[in-house]
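Undergrad: Got a sequence here, can you model it:
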Amino acid sequence: MLSCDVIKARQQLIQHGVVVSDRSVLGVGSGSRSRGQPPAEPQRPRGGGGASRCPPQSPGTSGTESPGLRADGERVSPGASVAAMKYGFPSLANIKTRESYVTSYDPRTRTASWVIERLNPASLSGSSNRKYCDFREDDSVHLFHRSTNDDYRGSGFDRGHLAAAANHKWSQKAMDDTFYLSNVAPQNPHLNQNTWNNLEKVCRSLTIRYLNVYVCSGPLYLPRQEADGKLYVRYQVIGKNHVAVPTHFFKVLILEQADGRGVELRSYVLPNEPIDEKVPLDRFLVPIETIERASGLLFVPNIMKRTSSLQAVTDRPTTVPRIHQ
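TA: Alright, predicted model coming up:
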C-alpha cells in the first residue's frame with residue numbers, strides 16, 4: 001500500500017501534467033521510521049545555528065497544502081512546495097515534499113540530488129527565526145541511507161543548506177523543514193559562509209525584479225584529470241554513514257518575468273572549496289547544458305512546456321575552471 005506522502009506526490013505530479021507510475025515516486029517518501037532510533041544529536045556551533053526551542057516535528061512528515069491551494073501554483077501559501085512544481089522536476093526518483101520545497105533524495109550519497117523552492121517577496125517575509133531550528137535526521141529515509149549529525153561532527157565540513165533557511169521566513173515550519181539533514185550536503189566552511197551564502201542572497205534580491213524566482217540546488221561529482229592523463233571522479237566520504245562530499249555544487253535559477261514576458265535562466269557551478277571573495281559570482285555562470293550533462297538531470301524540456309520565451313544568461317569570463325563533459 002502506498003503511503004500518504006507517496007500518493008500526495010503522485011497526485012501533484014499528475015496535476016502538473018507529468019505522467020508517472022507509482023514506482024517513480026516511491027523511495028524516500030515511502031520510507032518508515034525505524035523503531036528505537038535515537039534522536040539526532042544537538043547541532044555543533046556554526047554560522048547561524050542555535051538550540052531548538054520548537055516542538056519536534058513528527059517523523060517523516062512533509063509539507064501539506066493549506067486550504068484553497070491550487071495545483072497550478074496560483075493562490076498558494078508563499079513558497080509552498082506545490083508552487084515549486086510549476087516547471088516540473090529534473091528527475092523523478094525518490095521525490096519528497098516538504099512545507100517549502102521539493103527534493104529528490106539519493107540514498108547512495110546520503111544527500112539530495114536536487115532541491116527546488118520558489119521565492120518571492122511574500123516567502124521572504126515573516127517572523128520565523130533560525131534560532132528556533134536545529135539540524136536533525138530525516139526519519140523518512142531508511143536508516144541505512146540517511147546521514148546523521150555525528151557524520152558531520154569533526155569532519156571539517158559544514159552542513160550546507162540546499163534550500164536556504166532564510167528563503168522561508170513566511171512560516172516557522174517551512175524554515176524548520178530546511179534543517180532536515182536530507183536538505184544539506186558536506187560543504188567547505190569558507191564556501192558555505194561566504195560565496196555560497198552570497199549566491200543565496202542574490203537569489204533573494206532577484207525577487208524585487210522578477211515575479212517569482214525558482215531555485216534548484218544540488219551537488220555535483222565532476223571528473224578531474226590526474227597525473228596519468230586520465231579522468232577520474234573521486235570524492236571524499238565522511239562519518240560512519242559515508243556521506244559523499246560533492247566536488248561542486250550547482251544552482252539553477254528560473255526567473256519569471258512580470259506580465260508574461262517569459263522566463264530567464266541562470267545556472268551556476270561552484271567548486272566545493274574556498275573561493276576568493278573578490279571573484280564575482282558571474283564568473284561561475286555556465287550553460288545549463290553543462291549541468292544537465294554532468295548531473296544526469298534535465299531542466300529545459302520541462303521549462304519549455306510552461307513558457308514560449310526562454311532566455312539563458314551564460315555570459316562569463318573564459319577563466320572559469322573547466323568542467324569536463
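
Undergrad: which residues in the stretch 101-250 of the chain form strands?
TA: Remark: strands assigned in the stretch 101-250 of the chain by DSSP state E, counting those that start in this stretch are 101-106, 111-119, 158-161, 184-187, 212-220, 224-225, 231-232, 237-238, 243-244, 248-256.

Undergrad: which helices and strands does the second one pack with?
TA: Using 3 or more C-beta pairs under 8 Å, 6 or more residues apart in numbering; DSSP states H and E, the elements in contact with strand 111-119 are strand 101-106, strand 184-187, strand 212-220. C-beta: built from backbone N, CA, C; applies to glycine.

Undergrad: How much space separates the residue lying farthest from the centre of the chain from Cys133?
TA: Distance from the C-alpha centroid of the chain peaks at Asp228, with 35.3 Å (C-alpha atoms, centre = their mean). The gap separating Asp228 from Cys133 is 46 Å, by C-beta to C-beta, to the nearest Å.

Undergrad: And the pLDDT for Gly50?
TA: pLDDT, Gly50: 37.

Undergrad: Against Gln172, how distant is the closest residue to Asp176 other than its chain neighbours?
TA: Counting by C-beta to C-beta, 6 or more residues apart in numbering, Asp176 lies nearest to Cys133, which is 5.0 Å off, once chain neighbours are set aside. Distance, Cys133 to Gln172, using C-beta to C-beta: 8 Å.

Undergrad: Which one's more surrounded, the two?
TA: Cys133 (24 against 18; other C-beta atoms under 10 Å).

Undergrad: and the residue lying closest to Thr148 once chain neighbours are set aside, how many neighbours?
TA: Among residues not flanking Thr148 along the chain, Glu137 sits closest, at 5.5 Å (C-beta to C-beta, 6+ apart). When counting by other C-beta under 10 Å, one arrives at 23 neighbours for Glu137.

Undergrad: right, and Glu137 touches Ser147 too?
TA: Yes - Glu137 is within contact range of Ser147, at 7.4 Å (criterion: C-beta atoms under 8 Å).

Undergrad: where in this protein is pLDDT low?
TA: Across the chain, the ranges flagged by pLDDT under 70 are 1-77, 79-80, 314-325.

Undergrad: residues touching the residue positioned nearest the centre of it, list them.
TA: Taking C-alpha atoms, centre = their mean, the centroid of the chain lies closest to Val115, which sits 2.6 Å from it. For Val115, the contact set (C-beta atoms under 8 Å, 6 or more residues apart in numbering) comprises Tyr101, Val102, Thr103, Ser104, Leu162, Ala163, Asn183, Cys216, Ser217, Gly218.

Undergrad: try 7 Å
TA: The contact partners of Val115, by C-beta atoms under 7 Å, 6 or more residues apart in numbering, come to Tyr101, Thr103, Leu162, Ala163, Asn183, Cys216, Ser217, Gly218.

Undergrad: Quickly list what's touching both of Glu137 and Ser147.
TA: Shared contacts of Glu137 and Ser147 (C-beta under 7 Å, 6+ apart): Leu181.

Undergrad: Might you report the residue contacts of Val215?
TA: The neighbourhood of Val215, defined by C-beta under 7 Å, 6+ apart, consists of Glu117, Leu119, Cys203, Lys251, Leu253.

Undergrad: go on, Arg224?
TA: By C-beta under 7 Å, 6+ apart, Arg224 lies in contact with Leu231, Tyr232.

Undergrad: Would you mind measuring from it to Arg204?
TA: For Arg224, the distance to Arg204 - C-beta to C-beta - is 32 Å.

Undergrad: and if you look at Val237?
TA: For Val237, the distance to Arg204 (C-beta to C-beta) stands at 32 Å.

Undergrad: between those two, who's got more neighbours?
TA: Shown here are Val237 and Arg204; by other C-beta under 10 Å, Arg204 has more neighbours (18 against 15).

Undergrad: List the residues that contact that one.
TA: By C-beta under 7 Å, 6+ apart, Arg204 lies in contact with Leu119, Leu124, Asn167.

Undergrad: need those residues in TSV with distance to Tyr152, can you?
TA: TSV is the format used below for these (distance: C-beta to C-beta, whole Å):
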residue	distance to Tyr152
Leu119	26
Leu124	27
Asn167	22
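
Undergrad: Which one of the residues you listed is nearest to Ser309?
TA: Distance to Ser309, by C-beta to C-beta, is smallest for Leu119 among these, at 20.8 Å.
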